[in-house]
Every structure is written in C-alpha cells, then in structure tokens.
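Enquirer: Here is a sequence with its predicted model. Questions after.
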Amino acid sequence: MPHQLPADYYLDNFRQLLDFVAERYWPLLNAREQGFHRRLTGMPREAQMLYVRLLSRRGEYFLQRKLTYPEIGNVPAAADILACNQLLERNPKLGLEQACALLTKADICHRLELSPSPGRGVLLQGLDSDPRGHPTIISRLLSGEVVYRVLDSDLFTTFKLCFFGNLRQDLTDFVLRDLGLFRYENYPLEQRQLLFYQRAQIDQHLQYYRSVEQLDAVLQSDTATILTLWQELPPMQADDPVLNRRLQRLGNTLARQLERLGAAQQALDIYRQLQQPPARERCARILAARGDLAGSLQLCKAMIAAPANEAERHFAAEFGYRQARKKGIDWPSPQRYQPPLQRLELKAAGIRVELASAHHLAADGDCHYVENSLLNGMLGLLIWDIVFAPVRGAFFNPFQAAPSDFYDPGFISRRGQLLQRRLSETTNPGAMAKIVLARFESKYGISNPLVNWSGLSETLLRQALERIPLDHWQVMLRRLLSDLKQHRSGMPDLVHFPSEGGYEWIEVKGPGDRLQKNQRRWLAFFATQSIPHRVLHVDWLAA
DNA sequence: AGTACCAAGG
DNA sequence: TTCACACTGTCCC
DNA sequence: GACAGTGTGTCTCCTTGGTACTGA
Ligand SMILES: [Mn+2]
Ligand SMILES: [Mn+2]
C-alpha cells in the first residue's frame, strides 16, 4: 500500500481502465470507441497524460495558461499531438457564457473596462445585453488567450460504464484504493461472464444515466416533463437485472412525484408497469383515494396472496382492513403487536436521546448504541467468504464492495447451500465467535455491504457473542438473510448487557417519536422468538 | 481581513 | 450517492 | 393513529489554494 504515488499515476490508472475494457469488451465496442482506444494508445505518453488531466477537470474548455503540469513538461506540444489525433480542439468557438466561465470576475471587468461593481451574476447578466455585441465581447475577453476544448470525453464515459458497471465510480477510486483509503476484498475476477454481453445493453445503461442526469431538474418540473423522461427511458429487460433494478427505482420516484402533482392516473400507469415495492402499495392508495374501493381491495388481496416482501404483506393486511371496515365489508382484522413499554425521565443534557438512555442503562452493566450495525455486522463477518464467493458474474472489476447481485433476491438462492451450511455448522457459540472474531481482525476496514466498521468494536462483538444465545443468533440472522434489502434496517437502537447477565434489545423513543413500521416488525419477530426486548419512552426533565 | 464554497489533486 | 431515522404538521376517526 | 414532508447525521478521503462576497 504505497502512500507515495508516482508522478504519472493517473495515466497508469487510466490505461488500466481502458485496456481492461478493450480486452474484454472489444467485440461490443463500436467503431468510434475502438478508434478512441487506438488513437489514445498510439500517442506519446505526455499527450496521453494531458488528455487524462483534462478529462479529470470540470467542463470541456480550458485556458492554456491555467494548465501547469510539471510532470508533463511541454503542455502546448502535448496539446498539438492531441489536436492531431482529434482529441482536442485549439481555440474553439465559444459562447459568451462559456468564455466568461473561463475567467475570473476581475479578468472580465478589466478586459471590458467595466467597473467591478456588483456581483458576478449581475455582471454576466448585463454583458448579455451589452451594446458591443457578443462576438466583440468574446474576442476581447479571450484576446491573447489560447483555449483548448477536450473532445470525445463521452467515449471515456462508455469505457467507465463498462469497467465499473455504473457511472458513480471513476478514476479517483483507483487513487483512493492506492492510498489505502478505500479497501476492497481481493476476490477472483470473472473472466467470462461480464456485466454486458450485448451492445444494446451498453446503450440502454448509457441512456438510463443520461436521464438520471436530468432527474433533479425534471422532478422540480411539471407532469409532462416527468412523463417525457419516463418515455425516453430504455424498456425493462428481463435479462438485465441490474438495469431492471435501476429502472424500477427510477419509475417509483417519478410516479411518486406525479402523485404529488395531482396526476394520479399517470402515476398509476407507471406504477402498474413496476413490480418493485412500493409500486403496488401506491396503486392501492390511489385507487382507494379515487373511490375505487373494489379495485383497491382486490389489489390488497393480490398482495397478501403473493407479497413482494413482508412490508407489502403488512400494508395490504392493514390498509385493506381499514378500507373494508369503512364500507362494512368483511376483512380479517390484522393483529398488531404491542411491545413492552417502559417510561423514563432523564435530565436534558443536550445529547441524543439514544446516547442519554444508553448512558443511563450503563449504570447496570454495559449498553451500546448499535442500531443496525451489530446484527448486520455479525452476519457480514460470519458469512464474509460467502458474500465474496466467486459466483458466476458476481465480480467483474476490482472495485466492488459487493457482488453485483447482492441487492436482488437471487443473491440468497444462488448461495443458498453455502449459507445453510454455514448457519447449520455454527452449532456452538465458540465456533461462531471464532469465525467472527478472526474475520474482524483479518478483514478490518475492507468494504462489505453488511459491515459498518465504525459501528463495531472487538469489545462489543465479544460481549454480544457471550451474552446472546446461539439459537437467538440463528433465528435473527436467518430472518435477516430471508430479505437482506428489507430486514437490514429497523433494528433497535440499543443492546443492553446487565451486570447479572443476559441481554435486551431496547428501542428508544423520545418525546413525539413513534415506532416505525420496520421497527415494529423486528420487535414482533423478537416476541415470537422470546428474544428480550423493550421500548423505552424517554421524557426530558427540565434542567 | 475574514468567510464560505468549491475545484483540483494525491 | 444515498439511506435510515427522527421530527413536524395535517387530517381523520 | 396514519400519512406526508422535511431535517439530520452519515455515507466513501483529506488538504490546499483560488474565488467571490461580506462587512469593517
Ligand atoms: Mn434509532
Ligand atoms: Mn429510536
């Protein structure tokens, strides 16, 4: 783990990425992308370095005088080579806004002989209607400057997508890894089953990301704009679960905003194309709100018959009951679990209510503010090797914190045997502790989707392993595994280890706070398994 | 002069 | 690139 | 009590230097 990088580290990283993709995806790359790779790799090192430097900066236009890269040496010479290879344009046509973006406010005022009066925004607005006209202003602004425009950066985007499988990671991930700031498990890389196996998939993912770029603006906009975005998205592909997941999530977001704008029918039209929650729940609500009770109840029944997850089943049972009761229709009444409740008054101390409660309980034994990190972390450590098992298509680049299928239900079924065996093999507390503590030590700091390292300590793990009986671990971890996505949250705030032994889960509620649905479900589960738990309702005593 | 913010970079 | 949780306000029974 | 919307801490780094803006 070298903490000192070579001067041209960024080119090495860039070439690793580019060559990795060229090697594996060559047949899927189009002529432009193949040509891009050939042009780049055919140039002298200095020119490649400058190109990478430009790509890593914001925007596509640059002033030559602002580019100071000692490790490149002669930047203008490198730029000439880039220009010969159509990777850079010298002195391109610039609009007024683009020209101004290159200069400081002081530069602009000086060159146009304006007083540096108001703010930059006002100044630029005034320039737009300046009597001298845009072309004159631009040429005065840029006289004596050499401007570069970097070309074909969109092709690099395609390479990044193929490499990472997403557009949220980029070259900085290489740097952070090499500096030891991000650590990834050392899993064997998939050689044959890559993320993409058809050209169309690449274009579909690119289209998805183009749409996502507009998402913020579109959500602020009107119904028609939102619908347009939805229609421009690539269609769902049954054989591309990653794309499917992204589209489902985006669809739910767009439809939800349509609801807020009062476009219930259009929202419904989108929700009906989605399988991923909360689509059906939203449909049931919309139908009920528009008075279609029969439709709403029918949907609730369908959800109960084949729930996408536990939350959907609970929703359908309760919502259906409330709707049905209004009209006197028969509907099984859902039973609601009431967890044991204790009241407590604490002196207002200006700290979070969970911490204040933990401190109070620590008068008798130890108490940790863990929320989800204990149970998730324990599972992550126990099944570490299974999470990173070389399942078909799971790992296709060295920068993955999780296998590519971690967030879909197939994750469990594809590793079902391994998981079952691990849990059933863990027949005594010593065996579990041995695995977990060894992993805690050997894997500390390595990214794992289940492990939040800052929420774990050896003390906590040891105490939890000692106090919580093995059969409790078994049932809690099995529940967690049964739906990782959903059960990963909602666990109680505190775990308390009293002096006289044993343990208890405690969910703290301050004034005005209520149990959330997923918290209620975990507590109800604890009750069915005789796992000790309690809700602690805290009121503040005036100081 | 003090600041808040952000781009660049390792 | 969020996500999970807490908090606030509204509406309805 | 149900629900929606908003706020908060946090996430996946940390430092540096430039810029624009503010108020003395
Ligand atoms: Mn909590
Ligand atoms: Mn709580």
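Expert: Noted; the coordinates are in hand. Ligands and ions are numbered 1, 2, ... in the order given.

Enquirer: Can you tell me which helices and strands the strand or helix carrying residue A:441 packs against?
Expert: Remark: residue A:441 resides in helix A:429-442, with elements defined by DSSP states H and E. With contacts taken as 3 or more CB pairs under 8 Å, 6 or more residues apart in numbering; DSSP states H and E, helix A:429-442 sits against helix A:373-382, helix A:458-467, helix A:470-482. The C-beta positions use only the backbone N, C-alpha and C, and glycine is treated the same way.

Enquirer: could I get the ones you listed as TSV with mean pLDDT and distance to residue A:362?
Expert: Conversion of the helices and strands packed on helix A:429-442 to TSV gives the following (pLDDT from 0 to 100; distance: least, CB to CB, whole Å):
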stretch	mean pLDDT	distance to residue A:362
helix A:373-382	97	16
helix A:458-467	97	12
helix A:470-482	96	22
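
Enquirer: Mean neighbour count, these: which tops it?
Expert: helix A:373-382 (a mean of 23; mean count of other CB atoms under 10 Å).

Enquirer: Alpha carbons only: can I get stretch A:480-495 in CSV?
Expert: Output of stretch A:480-495 as CSV, limited to C-alpha atoms (Å, rounded to 0.1, in the frame of the first residue of the first chain):
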residue,chain,number,x,y,z
LEU,A,480,-32.0,-11.0,8.1
LEU,A,481,-31.0,-13.4,5.4
SER,A,482,-34.5,-14.0,4.3
ASP,A,483,-34.7,-10.5,2.9
LEU,A,484,-31.5,-8.6,3.2
LYS,A,485,-32.7,-5.5,1.5
GLN,A,486,-35.7,-5.0,3.8
HIS,A,487,-34.6,-6.5,7.1
ARG,A,488,-31.2,-4.7,7.1
SER,A,489,-32.9,-1.8,8.9
GLY,A,490,-35.3,-1.2,11.7
MET,A,491,-33.3,-2.9,14.5
PRO,A,492,-33.5,-1.4,17.9
ASP,A,493,-31.3,1.5,19.0
LEU,A,494,-29.6,-0.2,22.0
VAL,A,495,-28.4,-3.5,23.2
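
Enquirer: Using neighbour counts, pick out the buried residues of it.
Expert: Neighbour counts over stretch A:480-495 (16 or more other CB atoms under 10 Å) mark A:480-481, A:484, A:486-488, A:490-495 as buried.

Enquirer: Phi, psi for the closest residue to residue A:11 other than its chain neighbours please.
Expert: Excluding its sequence neighbours, the residue lying closest to residue A:11 (CB to CB, 6 or more residues apart in numbering) is residue A:49, at 4.9 Å. Note on residue A:49: backbone dihedrals following degrees, to the nearest 10 are phi -60, psi -40.

Enquirer: Quick check, residue A:49 in contact with residue A:71.
Expert: Yes: counting by CB atoms under 8 Å, residue A:49 does reach residue A:71; the two are 7.0 Å apart.

Enquirer: Now for those two: what residues contact both?
Expert: Jointly contacting residue A:49 and residue A:71 under the rule CB atoms under 8 Å, 6 or more residues apart in numbering are residue A:8.

Enquirer: So between those two, which is more surrounded?
Expert: residue A:49 (22 against 13; other CB atoms under 10 Å).

Enquirer: Just the pLDDT for the more buried one.
Expert: Listed pLDDT for residue A:49 reads 98.

Enquirer: So what touches the least confident helix or strand in chain A by mean pLDDT?
Expert: Using mean pLDDT, DSSP states H and E, the weakest-scoring helix or strand in chain A turns out to be helix A:120-128, at a mean of 88. Residues outside helix A:120-128 that contact it (CB under 8 Å, 6+ apart): A:96-97, A:100, A:105, A:108-109, A:112, A:114, A:117, A:137.

Enquirer: And stretch A:89-98, by the same measure?
Expert: A:61, A:79, A:83, A:124, A:127-128, A:134, A:137-138, A:142, A:146-149, A:151.

Enquirer: can you tell me which of those residues are up against DNA strand C?
Expert: Contacts with DNA strand C are made by none of the contacts of stretch A:89-98, judged by CB under 7 Å from any atom of the strand.

Enquirer: Out of those residues, which sit inside helices?
Expert: A:79, A:83, A:124, A:127-128, A:134, A:137-138, A:142 (DSSP state H).

Enquirer: quick check, nearest of those to residue A:197?
Expert: residue A:83 (36.6 Å; CB to CB).

Enquirer: what about the closest one, distance to residue A:146?
Expert: Distance, residue A:83 to residue A:146, by CB to CB, to the nearest Å: 11 Å.

Enquirer: Around ligand 2, pick out the residues from chain A.
Expert: Contact residues, chain A versus ligand 2 (CB under 5 Å from the ion): A:493, A:508.

Enquirer: Looking at the contacts of stretch A:89-98, which is nearest residue A:471?
Expert: residue A:151 (63.9 Å).

Enquirer: so who does the residue nearest to the closest one when sequence neighbours are not counted touch?
Expert: Using CB to CB, 6+ apart and skipping the chain neighbours, the partner closest in space to residue A:151 is residue A:87 (5.3 Å). For residue A:87, the contacting residues are A:39-40, A:51, A:150-152, by CB under 8 Å, 6+ apart.
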